[in-house]
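**Q** Here's my sequence, what's the structure:
(chains A and B)
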Amino acid sequence: MSGRLAPGLVAVAAAAAVPLVAGQHILTALIVALHASYLALAWNVAAGYAGQFSLGHSLFYGIGAYASTMLYLKLGLTPWAGMFAGAAIAGVVGVLLALGVYRYNVRGIFFALVTLGAAEVAKGLADNWDWIKGPVGILLTMKAAPGEFFFLRREPYYYVALAMVVAMLVISLVLERSRLGQHFLAVREDEAAAEASGVDTYRAKTIAIGLSAALTAFAGSFYAQFYLYISPETVFTFEPQLTMMLGTMVGGAGTALGPVLGSVLFSGLGEALRNLPFENTRQVVIGSKLVYAILLIVILIYLPGGLITLGRRRS
Amino acid sequence: MTASRPAHGAGLLAVRGVSKRFGGLQALSNVTFGVGHREIVGIIGPNGAGKTTLFNVITGVYTPDEGDVELRGMKVTGWAPHRICRLGAARTFQIGKPFAALSVLQTVRIGALNRIESMAAATARALEVLELVGLADKREHLGKNLTVIERKRLELARALATGPALLLLDEVAAGLRPNEIQEMITLVRRIAAGGVSVLIIEHVLEAVMRLSARIVVLNYGEVIAEGSPQSLVNDPRVIEAYLGEAYTLA
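**A** Here you go, the predicted model:
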């Protein structure tokens, strides 16, 4: 562990020094990459370690975004605190959803579909809820108020995003080395054998979803503070879910570094594609989706464990 | 080794009047038997006799339609499998279910975490068990890359690491070569010598006959005979149901 701590610290120090040399445009791209990495790691807790392939994590992302924003606008609560409230709400929603779904032994593809449905329902509710401005969405005003998580420059956002990724990496590594983390792996590999080994699979799966949901919500709050505009169309749709899955699956599910690797790759690719001589935004979107899809298929066929397995000895 | 014991040796496990039906199939009907402390008991019977169903009832995978299962003096009927494992009954699976993407050490450590909170202590315990079953040098291998006997040993190690008072072995010798069967017999004896009671389901009669002090014979979900291995090979009911032409005691 200590032998691997040094390279990690060097990497974090290097990442922390980036704003000294990078311009606002590059910083924005890096923030997007860090945000995607964080999201992938949060989803990875449930999907990668515990094998609970949720397609409904946009639900928790949206809860995070709306909770911190509404608490700020209605109660004046700083989003620094609001994001924890959002995480708590998302965690409770995740636990309740898991308790219900797992109670009826919903597994695999059916679990994926039920969670996808849950996110769709959330989007429908948000679209029709006037108090949160329905489909119009909520615009936050740009200002310099560090105490309320508003900054005019990119650097502070970059450091917040970096801190979130580092925290999420630490959580992943601690989880991997914990009893709970081992229980997650057992559940992922074979539930019957896990039960026969003394693992309470119902409890482990519920904790996995609850924890992953709460962690995902933090990213939603960050999104709101960074882009200053949220709507059901931006946070409750499949888009955030796609970000989590692409990074995790391509980088390596069930590992700590894999999701970061995959997310950075995809974000970089997205940035590169944007700079190609496309005629309009529509072409950029279609073109990049095509490239993502091809890349995903190729990697899942030839490297089912993700890019992270390239660095490992094959056994 | 094969001294006869009183029937229904209870104490550790008591199965009382257990019945289980799947649709039109009466998988178990009114099954009663027991396992005492430090005892090795075998369950034999032809295919479809209800042996694995009985294991599934004892370990909580199925809840019986009628009857009760008592483990260490507690009624465990209807308990979830992990609770039964925690109370002290661990089973292996007939079709080895390794955690395919996990290493041998990780798999056995998950078993060890049943009674041990700390990862370091669980790792140490897992290594001890791997040493016992002869898989210590394979500890970094993935479950999916093991041979048949290695998988059976891994299953045994995973179950044993949970710290059971009663170990339920489902076909640990099936599919093994004669010399491997001998190794497995030696291994089960060594485990039993450590104070663990063993309940074995086995198709390989040689293994179950040599290991068990007492054998329960199932046929069509009913207990048709029970006794020492010697007494059973001469029992006409058993010969008719199962042994028939195939087996003669060496």
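
**Q** buried stuff in stretch B:13-29?
**A** B:13, B:14, B:15, B:16, B:18, B:19, B:20, B:26, B:27, B:28, B:29 (16 or more other Cβ atoms under 10 Å in any protein chain shown). For every residue, glycine as well, the C-beta is placed using N, CA and C.

**Q** what's the lowest-mean-pLDDT helix or strand in chain B packed up against?
**A** Scoring the helices and strands of chain B by mean pLDDT, DSSP states H and E places helix B:236-238 at the bottom, with a mean of 82. Helix B:236-238 sits against strand B:222-227, with contacts defined as 3 or more Cβ pairs under 8 Å, 6 or more residues apart in numbering or on different chains; DSSP states H and E.

**Q** Could you export the strand it packs on as CSV, CA atoms only?
**A** Output of strand B:222-227 as CSV, limited to C-alpha atoms (Å, rounded to 0.1, in the frame of the first residue of the first chain):
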residue,chain,number,x,y,z
GLU,B,222,-38.4,-40.8,1.6
VAL,B,223,-35.9,-42.2,4.1
ILE,B,224,-36.0,-46.0,3.3
ALA,B,225,-33.1,-47.1,5.5
GLU,B,226,-30.6,-45.9,7.9
GLY,B,227,-27.6,-47.5,9.5
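
**Q** Give me the mean pLDDT for it.
**A** Averaged over strand B:222-227, pLDDT sits at 93.

**Q** ok, back up a step: give me the contacts around the least confident helix or strand of chain B.
**A** Defining contact as Cβ atoms under 8 Å, 6 or more residues apart in numbering or on different chains, one finds that helix B:236-238 is touched by B:217, B:224, B:225, B:232.

**Q** okay but residue B:125 is in contact with residue B:114, surely?
**A** No. Between residue B:125 and residue B:114 there is no contact under Cβ atoms under 8 Å: 10.0 Å.

**Q** Quick one: the helices in chain B, in order.
**A** B:51-58, B:81-87, B:104-112, B:119-133, B:148-161, B:178-193, B:205-211, B:229-233, B:236-238 (DSSP state H).

**Q** To clarify, my last question referred to the stretch 51-200 of chain A.
**A** Counting by DSSP state H, counting those that start in this stretch, the stretch 51-200 of chain A has helices at residues A:57-75, A:79-103, A:108-127, A:154-176, A:179-189, A:191-196.

**Q** Mean pLDDT for the ones you listed - can I get that in CSV?
**A** CSV is the format used below for the helices of the stretch 51-200 of chain A (pLDDT from 0 to 100):
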stretch, mean pLDDT
helix A:57-75, 98
helix A:79-103, 97
helix A:108-127, 95
helix A:154-176, 97
helix A:179-189, 97
helix A:191-196, 95
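
**Q** now those helices in TSV, with mean neighbour count and distance to chain B?
**A** Below are these laid out as TSV (neighbours: other Cβ atoms under 10 Å in any protein chain shown; distance: least, Cβ to the nearest Cβ, whole Å):
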stretch	mean neighbour count	distance to chain B
helix A:57-75	26	23
helix A:79-103	20	12
helix A:108-127	17	16
helix A:154-176	19	10
helix A:179-189	23	4
helix A:191-196	23	4
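
**Q** I'd like to know which of these is closest to residue B:119.
**A** The closest of those to residue B:119 is helix A:179-189. By Cβ to Cβ, the value is 6.6 Å.

**Q** Quick check: mean pLDDT of stretch B:186-205?
**A** 92.

**Q** buried sites along that stretch?
**A** Buried-residue list, stretch B:186-205, by 16+ other Cβ under 10 Å: B:187-188, B:191-192, B:196-205.

**Q** since we're on the nearest residue to residue A:166 once chain neighbours are set aside, how many residues are nearby?
**A** Spatial nearest neighbour of residue A:166, chain neighbours left out: residue A:12 (5.9 Å); criterion: Cβ to Cβ, 6 or more residues apart in numbering or on different chains. Summarising burial for residue A:12: neighbours were counted as other Cβ atoms under 10 Å in any protein chain shown, giving 15.

**Q** Relative to residue B:235, how far out is residue B:160?
**A** From residue B:160 over to residue B:235 the distance is 32 Å, taken as Cβ to Cβ, to the nearest Å.

**Q** Settle it for me: which of these two has more neighbours?
**A** residue B:160 (25 against 17).
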